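Participant: For reference, the sequence and a predicted model appear below.
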Amino acid sequence: MKLEIDDLERRAIERSLAERRSRLIEKAGDTTLTPARRQASYRELSANASALRKLRRQIRSAKSHAWVARRTTSPVAAMVAPRQLTSS
């Protein structure tokens with residue numbers, strides 16, 4: 001599934017997942033709960049961690065794409081690129 005979210009939405013989702021993660025960690029360690037409920041907490045915790053990793057990977061990817069775009073569209077890069085091609 002692919003979703004397009006803006007920065008504000010992404011931050012809200014990350015915050016929500018982080019808050020849920022802390023509650024799940026408490027539940028997973030709670031020995032008064034049944035083993036089945038603790039196991040369910042572990043599974044949800046795993047899914048939560050996966051979602052957070054994917055969100056953070058998208059952020060890094062977007063930042064690196066923005067960095068490349070800024071670098072290739074800058075006037076200095078435009079002047080340097082032809083020189084590099086002719087000197088090789």
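Facilitator: On my side now, so go ahead. Numbering: from 1, shown residues only.

Participant: so what's the closest residue to Leu52 other than its chain neighbours up against?
Facilitator: In space, and not counting its chain neighbours, Leu52 is closest to Leu17: 5.4 Å by CB to CB, 6 or more residues apart in numbering. To be clear about C-beta, it is placed using only N, CA and C from the backbone, and glycine gets the same treatment. Going by CB atoms under 8 Å, 6 or more residues apart in numbering, Leu17 touches 48, 51-52, 55.

Participant: switch to 7 Å and redo it
Facilitator: Applying CB atoms under 7 Å, 6 or more residues apart in numbering, we find Leu17 in contact with 48, 51-52.

Participant: pull the CA atoms of the helix or strand containing it into CSV?
Facilitator: Using DSSP states H and E, Leu17 sits within helix 7-29. Extracted C-alpha coordinates of helix 7-29, given in CSV (Å, rounded to 0.1, in the frame of the first residue of the first chain):
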residue,chain,number,x,y,z
ASP,A,7,5.1,16.5,6.6
LEU,A,8,2.5,17.5,9.2
GLU,A,9,0.6,14.3,8.8
ARG,A,10,3.8,12.2,8.9
ARG,A,11,4.8,13.9,12.2
ALA,A,12,1.4,13.2,13.7
ILE,A,13,1.5,9.6,12.6
GLU,A,14,5.0,9.1,14.1
ARG,A,15,4.0,10.7,17.4
SER,A,16,0.9,8.5,17.6
LEU,A,17,2.9,5.3,16.8
ALA,A,18,5.6,6.3,19.3
GLU,A,19,2.9,6.8,22.1
ARG,A,20,1.3,3.5,21.2
ARG,A,21,4.7,1.8,21.2
SER,A,22,5.4,2.8,24.8
ARG,A,23,2.0,1.4,25.9
LEU,A,24,2.7,-1.9,24.0
ILE,A,25,6.1,-2.3,25.7
GLU,A,26,4.3,-2.0,29.1
LYS,A,27,1.7,-4.6,28.1
ALA,A,28,4.3,-7.0,26.7
GLY,A,29,6.1,-6.9,30.0
